[in-house]
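Novice: Let me see the structure of the following:
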Amino acid sequence: MKERPAEDEQDELIGRLRDPQYCSKYLSAAFRDSAGTFLVALRNVASAQKGISKLAAEAGVNRENLYRMLSEGGNPRLDTLWAVLKAIGLRVSLEPASTKPPT
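Specialist: Below is the predicted model of the structure:
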């Protein structure tokens with residue numbers, strides 16, 4: 001069986017990332033992995049949902065800064081991250097890390 005080229009896999013991922021439910025699960029898994037993984041995953045979602053240029057305009061962020069922010073070594077400000085998530089149509093929710101009651 002032949003392996004599919006990486007670009008076909010990327011196209012398939014981009015297609016799935018147009019679904020808000022899939023995006024939510026994808027970003028949640030990336031967030032659990034690391035901050036860098038989350039930022040790269042958010043860039044993938046941004047590209048699939050709106051494209052970086054349109055998203056930057058809607059979030060009120062410079063396009064070049066958005067690219068830098070959504071890199072593995074990016075370090076976005078919380079208000080900028082919130083603006084980007086809002087423009088994509090996502091919100092953050094928190095849950096307990098453990099189901100054990102506090103002592």
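Novice: going forward, measure contacts and count neighbours with C-alpha atoms only.
Specialist: Noted.
Novice: Let me know the secondary structure of Glu7.
Specialist: Put simply, Glu7 is helix when judged by DSSP: H, G, I helix; E, B strand; the rest coil.
Novice: Low-confidence stretches in the protein?
Specialist: Low-confidence segments of the chain (pLDDT under 70): 1-5, 101-103.
Novice: Centroid-nearest residue for this structure?
Specialist: The C-alpha lying nearest the average C-alpha coordinate of the chain belongs to Leu42 (Cα atoms, centre = their mean; 1.5 Å).
Novice: That one and Thr99, how far apart?
Specialist: Distance, Leu42 to Thr99, using Cα to Cα, to the nearest Å: 28 Å.
Novice: what do you get for Arg91?
Specialist: Distance from Arg91 to Thr99, counting by Cα to Cα: 23 Å.
Novice: now swap in Asn62 and tell me
Specialist: In this view, Asn62 and Thr99 are 41 Å apart by Cα to Cα.
Novice: same thing with Ser53?
Specialist: Remark: distance between Ser53 and Thr99 (Cα to Cα) = 41 Å.
Novice: okay, these two: which has more neighbours?
Specialist: Legend: neighbour count by other Cα atoms under 10 Å for Ser53 and Thr99, higher for Ser53 (17 against 7).
Novice: Now that the more buried one has come up, it's in contact with Val61, right?
Specialist: No. Using Cα atoms under 8 Å, Ser53 is not in contact with Val61; the gap is 9.4 Å.
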